[in-house]
Each structure stands twice: as structure tokens, then as C-alpha cells.
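Q: What follows is a predicted structure for the sequence shown.
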Amino acid sequence: MHKDYACSRQHILDTAAPIIQGKGFAAVGLAEILQAAGVPKGSFYHYFKSKEAFGQALLESYFDSYLSRLQAILTDCHGGTAAQRLMRYWQLWVETQSAEGTEHKCMVVKLGAEVSDLSDPMRQALAQGTAQVIRQLRDCVDEGIADGSLPADLDAAQTAQSLYELWLGATMLTKVRRDRSALETALRTTQLLLRLPPQPAA
């Protein structure tokens, strides 16, 4: 793929992401995205075959970025045990998903229900991306079992899936309630599921 083409395509995706995070997928027109990106209106189909293909690419781009950040958080370059790195991730989740604005907000929560009913390719992008997130979490739980920071009898795959589903649900409730109570409950529940001592109150 030509470098300029790839850069322009990614620029459209990066520009569109916060707009769609704020308004949803169906509510945002192509003209609004292209105007914000400073791209001529007639050139959209040079980069994407359809709005559905654009949506699929948007989700794939989101997961590429998210998985890179997740790997950085969960790998031992930050130091500490695997359990400490895992809890660092959940604490960061509380902070990002309860903050104002759209930066680093969960696109799975924002678009999951909407686009899964609209587009099977977009649903598949969500399914594949979330499966990769769960695999990274599973690997960290496995590390915790190996380094002794997590109980040896934990089922890593089941634990990772249960925790991710817990946090997605808590994030949805955070949007409904407009407070962080569900995320704080998820954090306490995570400590119980991992059988870790409660963290001291801030």
C-alpha cells in the first residue's frame, strides 16, 4: 500500500474516532468526517468501499491501538508482579472511563450494541478484537500464576473472560449513571475474583 495513501486513510480514521465516540456510528455522516479531516468529499470511496467498510476499518484501527497500549501495561517493562500489572490496568480503566471527553473511551461499549445489529463485518471486527483483549489478559493471569502473585488454582482463560465482561458491563452502567460507582464495584469484585487483598482507599 502506498505510504501517502495509508497515511491519508489512517488520518481519516483517527479524525473520525472521537466524533463517533461522541455521537455513535449511524448519527455521523460522511460529510462531517471528511470536513473534520480536511479531505475532499468525493475522495471517501478512494479509501473505503462503503461506510460499512469504513466502520470495520475504524474498529480494527481502534483495537490495533488498544492492544498495543494493553501490552505495554501488562508486560514486565513496568515492573512489579503480574498481579500488580493487572490491577494497574483495571485502575487505569476506572480513570479513563470515568473521565470527561472521549479520549481512550471504550469503543466496544459505545458501538457494540449499535453496529452489531447493523453490520456483520463490524460485529466480527468487535468479536475478533475483544477476543484478542481477553487473550492478553489470560496471558497476564497465567504469568501471575507462574510468579506466585495469583492463586495457582485460577482458570486463566475463564478468569480473563469473566473480568473483561465484568468491566464492559460496569462501563456501560457508568454511562447510564454518570458516576463511577459501577467501576469502583468492578474494581472490588476484581480483587475478590483474583483473591487479592483490598487496596487502601485513596
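A: On my side now, so go ahead.
Q: C-alpha only now, for contacts and for neighbours.
A: OK.
Q: ok, now which ones touch residue 53?
A: Residues in contact with residue 53 (C-alpha atoms under 8 Å, 6 or more residues apart in numbering) are residue 121.
Q: so where's this protein shaky on pLDDT?
A: Counting by pLDDT under 70, the ranges of the chain that qualify are 1-3, 77-78, 199-202.
Q: On the three-state scheme, the residue of it most remote from its centre is what?
A: Farthest-out residue of the chain from its mean C-alpha position, per C-alpha atoms, centre = their mean: residue 42, at 31.3 Å. With DSSP: H, G, I helix; E, B strand; the rest coil as the basis, residue 42 sits in helix.
Q: The residue nearest the centre of the chain and residue 153: what is the separation?
A: Nearest to the geometric centre of the chain sits residue 106, at 4.6 Å (C-alpha atoms, centre = their mean). For residue 106, the distance to residue 153 (C-alpha to C-alpha, to the nearest Å) stands at 31 Å.
Q: To which secondary structure element is residue 116 assigned?
A: Assessed by DSSP states H and E, residue 116 sits inside helix 107-118.
Q: Tell me the buried residues in that helix?
A: Along helix 107-118, these residues count as buried under the neighbour rule (16 or more other C-alpha atoms under 10 Å): 107-111, 115-116.
Q: Repeat that for stretch 159-177.
A: Under the neighbour-count criterion of 16+ other C-alpha under 10 Å, stretch 159-177 has 159-161, 163-164, 166-168, 170-174 buried.
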